[in-house]
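K.L.:
have a look at this fold, sequence not included:
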């Protein structure tokens, strides 16, 4: 069976798209070939690395990538995980289906956190929401109902 090629796209490829790629690799590597990239390159977020490690997923070796670095890969799905990436998502050829599953931005959620633990809890919440979405892949029912997983 051919694996589905799924690209998780975010603005800076530093947090949400990296978490999604990590979860897909950990939970669904038998059916999904996961990639992540950004419209811009912001570098890997250390808090994302930390909370993913707490959950048993090592993304410390990931690097922030621009979408252009993945030219030539024939994706089945492009999942935009933030509003900006969805609004500025470039055209993808032929069969790539672009869907939007927006998750809150952990750095924005954590900007007013008073303690390190409060900050980490913001990242943990989004990490767990992304995991819930990835758990349901590659079911087309999940793809059709992506709005259920949008962060509040």
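P.N.:
Looks like it arrived, so ask away. It should be emphasised that the depicted structure is a prediction, and the values quoted were computed from it without experimental measurement. Numbering: from 1, shown residues only.
K.L.:
CA atoms for contacts and neighbours, from now on please.
P.N.:
OK.
K.L.:
what mean pLDDT does stretch 107-118 get?
P.N.:
Averaging pLDDT along stretch 107-118 gives 95.
K.L.:
any buried residues in that stretch, and which?
P.N.:
Residues 107, 109, 110 are the ones in stretch 107-118 that count as buried (16 or more other CA atoms under 10 Å).
K.L.:
likewise stretch 95-103?
P.N.:
96, 98, 99, 100, 101, 102, 103.
K.L.:
which residue is nearest the middle of the chain?
P.N.:
residue 17 (2.5 Å; CA atoms, centre = their mean).
K.L.:
once you drop chain neighbours, what's closest to that one?
P.N.:
Distance criterion CA to CA, 6 or more residues apart in numbering; nearest residue to residue 17, sequence neighbours excluded, is residue 8 at 5.1 Å.
K.L.:
wait, a strand at the one you found?
P.N.:
Yes - under DSSP: H, G, I helix; E, B strand; the rest coil, residue 8 sits within a strand.
K.L.:
quick one, grab the pLDDT at it.
P.N.:
For residue 8, pLDDT reads 95.
K.L.:
mind listing what residue 105 touches?
P.N.:
By CA atoms under 8 Å, 6 or more residues apart in numbering, the residues touching residue 105 are 16, 82, 126.
K.L.:
residue 63 too?
P.N.:
Counted by CA under 8 Å, 6+ apart, residue 63 has contacts 43, 44.
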